[in-house]
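A.B. asks: let me see the structure of the following:
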Amino acid sequence: MKKGETYNILFCGVGGQGLMLLSAILGKAGLDSGFNIMTGEQHGLSQRHGSIYVHFRIGAPLSPLIPYGKADMMLSMEATETLRYIEYLKKDGIIITSNRIMPTVIETKKLASDKEKKTKYLTVEQITERLKQVTSKVVVLDSLNLALQAGNPRTENSVLVGATVACADFPIPKEVVKKAVLALVPPKTIEANSRAFDLGCSICADCLGG
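C.D. replies: As a prediction, the model looks like this:
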């Protein structure tokens, strides 16, 4: 990343998934690498399983908020939330999303109230098809399964953080990001988080041809 440039990431997900930990990890890694970091967070619904997001800016931002169409990457812990905030992604930007879907109460009410059973939840395949209308660089990860492979289902954050560093233009070095992960997770989960990080990095690199 050249001097004066800004690299923008839009994190999104559902309250309770640990989105703030993602921000903290990359924030620490960015600062440890000598970058200026600026964030803007919306997490008032986090206790209600509502929609949450974080604007994360590396380099030379003038404000904490990413303008529409300027995010270099979207990192999402819930697939439908990726669609909700897709207007922030730049042309040919990168999307890394979990395949996890957590339907809202309103959607569930509609489905339960449909006596003719015509209402269906949006599927991952439908979401992916819509995302690919915006960019060809879409990586859908089974983050929960990868976390289970790592030995702890609560390491999905590390899977997704690992995936970010597999992107060729990501400005923070892989080893610095991994060090930040291991510094911020609970000590008893360090080994599982280390494996989760490596799995996310490897899978995303394969998907992006890295």
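A.B. asks: quick check: mean pLDDT across stretch 179-197?
C.D. replies: Stretch 179-197 comes out with an average pLDDT of 96.
A.B. asks: can you pull the buried residues of stretch 197-204?
C.D. replies: 197, 198, 199, 200, 201, 203, 204 (16 or more other C-beta atoms under 10 Å). (Glycine included, C-beta is placed from N, CA and C.)
A.B. asks: any chance of JSON lines for those, columns distance to residue 37?
C.D. replies: Listed next are those as JSON lines, based on distance: C-beta to C-beta, whole Å:
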{"residue": "197", "distance to residue 37": "20"}
{"residue": "198", "distance to residue 37": "24"}
{"residue": "199", "distance to residue 37": "26"}
{"residue": "200", "distance to residue 37": "21"}
{"residue": "201", "distance to residue 37": "21"}
{"residue": "203", "distance to residue 37": "26"}
{"residue": "204", "distance to residue 37": "22"}
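A.B. asks: so which of those residues is the closest to residue 137?
C.D. replies: Within the buried residues of stretch 197-204, proximity to residue 137 (C-beta to C-beta) peaks at residue 204, which comes in at 10.7 Å.
A.B. asks: just give me the closest of the buried residues of stretch 197-204 to residue 189.
C.D. replies: residue 197 (11.6 Å).
A.B. asks: looks like the closest one contacts residue 181 (just checking).
C.D. replies: Yes - in this structure, residue 197 is within contact of residue 181 by C-beta atoms under 8 Å, at 5.5 Å.
A.B. asks: and the residue nearest the centre of this protein?
C.D. replies: For the chain, residue 75 is the residue whose C-alpha lies nearest the centre (C-alpha atoms, centre = their mean; 2.3 Å).
A.B. asks: what bridges to it?
C.D. replies: residue 11, residue 96 (DSSP bridges).
A.B. asks: and it, how far is that from residue 185?
C.D. replies: Relative to residue 185, residue 75 is positioned 17 Å away (C-beta to C-beta, to the nearest Å).
A.B. asks: same question, residue 7
C.D. replies: Separation of residue 7 from residue 185 (C-beta to C-beta): 24 Å.
A.B. asks: okay, and residue 63 sits in which element?
C.D. replies: Using DSSP states H and E, residue 63 falls within no helix or strand.
A.B. asks: repeat that for residue 69.
C.D. replies: Using DSSP H and E, residue 69 sits within no helix or strand.
A.B. asks: if you drop the residues flanking it in sequence, what lies closest to it?
C.D. replies: In space, and not counting its chain neighbours, residue 69 is closest to residue 90: 5.5 Å by C-beta to C-beta, 6 or more residues apart in numbering.
A.B. asks: identify the residues contacting the one you found.
C.D. replies: Residues in contact with residue 90 (C-beta atoms under 8 Å, 6 or more residues apart in numbering) are 69, 70, 71, 72.
A.B. asks: in three-state terms, label it for me.
C.D. replies: strand (DSSP: H, G, I helix; E, B strand; the rest coil).
A.B. asks: can you show me the CA trace of stretch 7-16 as CSV?
C.D. replies: Taking Å, rounded to 0.1, in the frame of the first residue of the first chain, the C-alpha atoms of stretch 7-16 are listed here in CSV:
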residue,chain,number,x,y,z
TYR,A,7,-7.4,0.2,2.6
ASN,A,8,-11.0,-0.2,3.6
ILE,A,9,-12.7,-3.3,5.1
LEU,A,10,-16.4,-3.5,6.0
PHE,A,11,-17.0,-6.1,8.7
CYS,A,12,-20.6,-7.3,9.2
GLY,A,13,-22.5,-9.9,11.0
VAL,A,14,-25.1,-10.5,13.7
GLY,A,15,-24.9,-9.5,17.4
GLY,A,16,-23.2,-12.1,19.6
